[in-house]
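Asker: Here's a sequence, model it:
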Amino acid sequence: MLFQIYVENAGFQLLGWALVFVGLIAANELARRSKKGGIFFFLALPAALTVYFIAIYAGAAMGAEWALNNPTYTHMNSWFHYAKLYAATAGCIGFMMLKYKWSIGKTQWFKVFPFVIVAINILIAVGSDFESGIRGAMALAETGDRWWLSSENVWLYGGWWNWVNGIAGILNILCMTGWWGIYSSKKHDDMLWPDMTWLFIIAYDLWNFEYTYNNLPTHAWYCGLALLLAPTFANALWNKGGWIQNRANTLAIWCMFAQVFPMFQDYSKFSTQSVNNPNVNLAVSLIALAANVLALGYILLRAKKQGINPWTKEVFKGTKDYEQAIARADEPELAA
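Answerer: Take a look at the predicted model:
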């Protein structure tokens, strides 16, 4: 078993998962379908939370008890959580600029922004994976064991599986193809990346699940399963080509929720921890690496057959996933 689901709390743990999954899908629909929804979730709310976070840290610096005991300060103080929150939010804002044609969102050169911001988000996690691997090695040298205590008082078991998964993350960046093949949907409610097909999505989901499983053992039940499956579910059923927008939206919304209410996942009846077994960590990291090696190999093979650069050109034209997504694109953009 991957997670510690206990009989006495199993109902709450499963209910919590369902609430997060359905809640993220609903929030994403509100955010993507209207400008007002997007502005609220990715401009107004982050701005208000930034003031809140600054107030907490300013209060803590002055020794204020309310700040020092604030759950955001005690449970969500690592560099990773803030980096992820603001990088994901930056992606959401950039995607709105592209689909609504705001300012530089009208330009051809800005179409590479989705690749850049997704690569940055992946590298943030890769850096965190490598950090855990290094700290695990340091702990092994000092204590004879790989356990190390994070700044958030969570025990992590760092090992070479972190390095394996970090390499998988780097390969995953190379699995993004057709960097300039970005379109707005006919209704301008979605930013589409048709060349980001099921091949990348599966490779990404496996890599990111392993990252959360290794490095966020108290959160992975939610951010490693519900958070990953919500955008994949939407993309599969009704939002073809919009997966990366779904992913960014749900990630930013989850990060804001988790940053303010960490007790939900850390110390409530809904809390669910991974088993933190090194054998499981290793197995999942090897699966993630294999998936990304195979995905990249297939991409390069397909590009070679077509005689194109898979990163500057769209390599999946003619596939069912690509054609379903491109059919949703705004026609003037296709003619441009």
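
Asker: In what element of secondary structure is the closest residue to Gly241 other than its chain neighbours found?
Answerer: In this structure, Gly241 finds its nearest non-sequential neighbour in Ala325, 2.7 Å apart by CB to CB, 6 or more residues apart in numbering. In short, each C-beta sits where N, CA and C put it, glycine included. Secondary-structure assignment from DSSP states H and E places Ala325 in helix 320-326.

Asker: Which secondary structure elements does the very next helix or strand once past that helix sit against?
Answerer: Sequence-wise, the next helix or strand beyond helix 320-326 is helix 331-335, with elements assigned using DSSP H and E. Using 3 or more CB pairs under 8 Å, 6 or more residues apart in numbering; DSSP states H and E as the contact criterion, the secondary-structure elements in contact with helix 331-335 are strand 183-184.

Asker: Partner strands of the strand it packs on and their direction?
Answerer: Sheet partners assigned to strand 183-184 using DSSP bridges are listed as strand 191-192 (antiparallel).

Asker: for the helix or strand following the partner strand, the distance to its chain's centre please.
Answerer: With elements assigned by DSSP H and E, the helix or strand that comes after strand 191-192 is helix 198-215. The chain centroid and the centroid of helix 198-215 are separated by 9 Å, computed with CA atoms, centre = their mean, to the nearest Å.

Asker: Quick one: list the elements packing against helix 198-215.
Answerer: If contacts are counted by 3+ CB pairs under 8 Å, 6+ apart, helix 198-215 sits against helix 113-143, helix 160-174, helix 227-237, helix 278-306.

Asker: out of those, deepest packed?
Answerer: The highest mean neighbour count among those belongs to helix 160-174 (a mean of 22), with neighbours defined as mean count of other CB atoms under 10 Å.

Asker: quick one: contacts of it?
Answerer: Contacts to helix 160-174, defined as CB atoms under 8 Å, 6 or more residues apart in numbering, come from residues 118-119, 122-123, 125-126, 129-130, 132-133, 136, 200, 203-204, 206-207, 210-211, 214-215, 278, 281-282, 284-286, 288-289, 291-293, 295-296, 299, 311.

Asker: try stretch 73-87
Answerer: Outside stretch 73-87, the residues that touch it by CB under 8 Å, 6+ apart are 46, 53, 56-57, 60, 67-68, 117, 120-121, 124-125, 128, 150-153, 215, 251-252, 255-256, 258-259, 262-263, 266.

Asker: If you count neighbours, what's buried in that stretch?
Answerer: By neighbour count, and taking 16 or more other CB atoms under 10 Å as the criterion, the buried residues in stretch 73-87 are Tyr73, Thr74, His75, Met76, Asn77, Ser78, Phe80, His81, Ala83, Lys84, Leu85, Ala87.

Asker: picking up where we left off before, and Leu24, which of the helices and strands packed on helix 198-215 is closest to it?
Answerer: Nearest of the helices and strands packed on helix 198-215 to Leu24, taken as CB to CB: helix 227-237 at 4.1 Å.
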